[in-house]
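Peer 1: Predicted structure and sequence below. I'll ask about it afterward.
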Amino acid sequence: MIKQKTNSIFIRVYSYPGEHYAFQGLVFVLVACVFAYGYFVSLSIMNVVTHKEAIVESDRLQSEVSMLEEEYFALAKEVTPEMAGRLGLTSVSDTSFVRRPGAVGSAAGARTDI
């Protein structure tokens with residue numbers, strides 16, 4: 001009969017009190033960091049997309065403003081003094097201007113209170 005030799009290895013694992021809770025806390029922090037990383041990456045992507053949309057909208061508005069300016073200048077060339085006369089506008093005559101000397105306006109001898 002053959003003798004069987006049994007090899008037994010005993011490994012003793014020592015754990016400190018609270019080590020299990022510390023490991024759970026580290027796992028929780030790791031999971032929280034992964035979620036925070038995903039959140040900030042998606043936030044950054046949304047910011048880039050919004051920035052590109054804003055640039056497109058800005059270009060569209062600049063184009064619209066330039067078209068309106070072109071229309072304004074074309075119409076401004078058509079306005080003449082003769083056109084003003086046909087519309088019933090007259091030249092201003094007998095104009096008088098008010099001059100206020102100094103920083104505060106005053107009129108000598110005039111009653112200024114209301």
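Peer 2: Done, it's in. Numbering: from 1, shown residues only.
Peer 1: where along the chain do the helices fall?
Peer 2: With DSSP state H applied, the chain shows helices at 19-78, 81-86, listed in chain order.
Peer 1: Present the ones you listed as CSV; the columns should include distance to Ile11, mean pLDDT and mean neighbour count.
Peer 2: The way it works is simple: take the backbone N, C-alpha and C, and place the C-beta from them, glycine included. CSV is the format used below for those (distance: least, Cβ to Cβ, whole Å; pLDDT from 0 to 100; neighbours: other Cβ atoms under 10 Å):
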stretch, distance to Ile11, mean pLDDT, mean neighbour count
helix 19-78, 17, 96, 10
helix 81-86, 104, 85, 10
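Peer 1: Just tell me which of the ones you listed ends up closest to Lys5.
Peer 2: Closest to Lys5 of those is helix 19-78 (Cβ to Cβ; 36.2 Å).
Peer 1: State the distance from Leu52 to Arg60.
Peer 2: Quick fix: residue 52 reads Lys, not Leu. Lys52 sits 13 Å away from Arg60 when distances are taken as Cβ to Cβ, to the nearest Å.
Peer 1: neighbours around Arg12, how many?
Peer 2: 4 (other Cβ atoms under 10 Å).
Peer 1: Convert the C-alpha atoms of stretch 17-24 to CSV, please.
Peer 2: Taking C-alpha atoms only, stretch 17-24 is exported to CSV below (Å, rounded to 0.1, in the frame of the first residue of the first chain):
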residue,chain,number,x,y,z
PRO,A,17,-11.3,45.9,14.1
GLY,A,18,-13.2,48.2,11.7
GLU,A,19,-11.1,47.0,8.7
HIS,A,20,-14.2,45.8,6.9
TYR,A,21,-15.9,49.2,7.3
ALA,A,22,-12.8,51.0,6.0
PHE,A,23,-12.8,48.7,2.9
GLN,A,24,-16.5,49.4,2.3
